[in-house]
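J.: Sequence first, then the predicted structure, then my questions.
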Amino acid sequence: MKLGNRLTSPQTWLALNKGAGGCIDASIVAGHVTIDASMGKVFKLVADGDFILDTPTNLDYCCQPIILIVVQDATGGREMTLGEDFRLGDDVADATLATAPSARTWVGMVYWQATGAIDVVAFVRNYQG
């Protein structure tokens, strides 16, 4: 259910603009967040609480890309924990979000079907404005 720009349940992202060619836009309060990969490739959320990013659902093919934009709310300091199927490499060694109020962090991910892992291939912090 959607109330303005806020979702009443952070459990699963809703397709607010499926087919519009833009990003799927949602807010969360806290808890678990699951991306429905069938709804698009680019997802944006405004974190107004700490959250766990669970394994995306409806992953269809090897090397399927997902871009996640996490925006801190006006308070900032929100933390993201990656679920068990996410893998970090040598170049992307941690998943600590930018913590300043309204700061954006971009996360690039690729589904590796052979192992069921979500490889985090890009993690860029501190975009402002």
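T.: Nice, I can see it.

J.: Tell me, how many residues neighbour Ala95?
T.: The number of residues packed near Ala95 is 17, by other C-beta atoms under 10 Å. Backbone N, C-alpha and C define where each C-beta goes, glycine included.

J.: Can you report how many residues neighbour the nearest residue to it once chain neighbours are set aside?
T.: Nearest residue to Ala95, sequence neighbours excluded (C-beta to C-beta, 6 or more residues apart in numbering): Leu82, at 5.2 Å. Neighbour count of Leu82, defined by other C-beta under 10 Å: 18.

J.: And for Asp90?
T.: The burial count for Asp90: 5, using other C-beta under 10 Å.

J.: and it, what element?
T.: Counting by DSSP states H and E, there is no helix or strand that carries Asp90.

J.: I'd like to know how far it sits from Cys62.
T.: 22 Å (C-beta to C-beta, to the nearest Å).

J.: just checking, the residue nearest to Ala95 touches Asp119?
T.: No. At 11.3 Å, Leu82 does not count as touching Asp119 under the criterion of C-beta atoms under 8 Å.

J.: how about the strands in this structure?
T.: 2-3, 6-7, 24-28, 31-33, 42-47, 51-53, 65-72, 80-82, 86-88, 104-112, 117-127 (DSSP state E).

J.: which secondary element of the protein has the worst mean pLDDT?
T.: Lowest mean confidence among the helices and strands of the chain (mean pLDDT, DSSP states H and E): strand 2-3, at a mean of 28.
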